[in-house]
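Q: Dropping the sequence and predicted coords here.
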Amino acid sequence: MINIFLLLFTKSGNERAENALTISERAYVTIGRPDGTVADIVWPENGTSDAAVIVYFQNNGRVPAKFNWGADSTLIDSVPTDLKATGQAQWNPPFTELPTNHLFQPMYRAKNRKGPDIQSLGTIDIAGGSSYQGLLWEVPAERLHQLINLDRMFLPSGKFEYCDGFGKRVCKRFHLQYFRGPLNRFLLLEESECQAYEMQSANTIPNYEYLSPCEIDRKELKVTIPGLPKP
């Protein structure tokens with residue numbers, strides 16, 4: 001009886017130690033750099049070409065994070081066509097729509113049911129303890145000046161997702177707000193968990209089986225050509 005108790009106690013202790021190791025080692029991605037900067041505007045040197053909104057991410061874990069992100073809407077905003085119009089009284093038609101050029105698409109991995117080929121969404125790896133900066137938008141510099149100076153809040157938003165290195169998939173939605181002078185910077189307004197449907201791929205491929213994009217043991221990578229030397 002004592003031996004059984006010791007066996008169960010040892011097993012429970014090993015499981016707790018393994019869980020603690022997983023938590024301490026896993027990838028953990030947050031928005032923003034270690035100094036608190038969440039995003040920046042990169043202005044063109046000549047002042048007439050495109051400006052960019054850059055968002056920062058940090059992997060606070062120890063293992064690489066398989067990472068994917070993008071804007072959460074096809075439209076940045078709709079603004080008065082007149083570049084000088086910033087006040088509510090000046091909001092008259094016609095309007096100009098500013099499209100997003102980096103829309104969030106959920107990562108996926110799909111295997112052909114009739115063959116060995118695999119389809120997947122391109123992702124990047126953020127090494128443990130490393131930062132990544134991503135391009136959220138590119139818009140004409142004069143339009144970005146207009147967005148910043150409109151008499152309403154400038155609220156960029158997006159989603160990011162990652163694999164934690166132990167098979168778990170995490171997805172977050174974020175909202176930023178740009179504060180004009182004296183701050184002249186972006187601050188994180190809100191961050192929340194994605195709903196399950198936001199992680200579903202909308203563009204399904206016929207005759208393909210959809211697999212977990214965060215699966216660790218990816219058997220399709222072990223497929224070899226018969227008759228050739230093993231790698």
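A: Good, I have the coordinates.
Q: ok, which stretches of this protein are helices?
A: 2-25, 141-149 (DSSP state H).
Q: tell me the average confidence for the shortest one?
A: Confidence for helix 141-149, expressed as mean pLDDT, is 92.
Q: same deal with stretch 107-116?
A: Here the average pLDDT along stretch 107-116 is 89.
Q: same question, stretch 204-215
A: Per-residue scores along stretch 204-215 average to 91.
Q: swap in stretch 45-54?
A: In this model, stretch 45-54 carries a mean pLDDT of 87.
Q: hey, where'd the strands end up in this protein?
A: Secondary structure of the chain, counting by DSSP state E: strands at 29-31, 39-42, 50-59, 65-71, 75-80, 95-99, 109-112, 118-120, 124-126, 131-140, 157-163, 169-179, 185-193, 208-211.
Q: mind checking which of those strands is nearest Asp151?
A: Asp151 lies closest to strand 75-80 among the strands of the chain, at 11.3 Å (Cβ to Cβ). In short, each C-beta sits where N, CA and C put it, glycine included.
Q: Send over the closest one as CSV, restricted to the C-alpha atoms.
A: Taking Å, rounded to 0.1, in the frame of the first residue of the first chain, the C-alpha atoms of strand 75-80 are listed here in CSV:
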residue,chain,number,x,y,z
LEU,A,75,-10.5,49.3,-44.5
ILE,A,76,-8.2,51.6,-42.4
ASP,A,77,-10.7,54.4,-42.5
SER,A,78,-12.9,56.6,-44.7
VAL,A,79,-11.7,60.2,-44.8
PRO,A,80,-12.7,63.5,-46.5
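Q: what about that strand, distance to the chain center?
A: 22 Å (Cα atoms, centre = their mean, to the nearest Å).
Q: What pLDDT is listed against Thr224?
A: Reported pLDDT for Thr224: 78.
Q: Just give the closest residue to it, not the sequence neighbours.
A: Lys230 (6.3 Å; Cβ to Cβ, 6 or more residues apart in numbering).
Q: Check Pro34 too.
A: Per Cβ to Cβ, 6+ apart, closest to Pro34 is Gln58, 6.4 Å.
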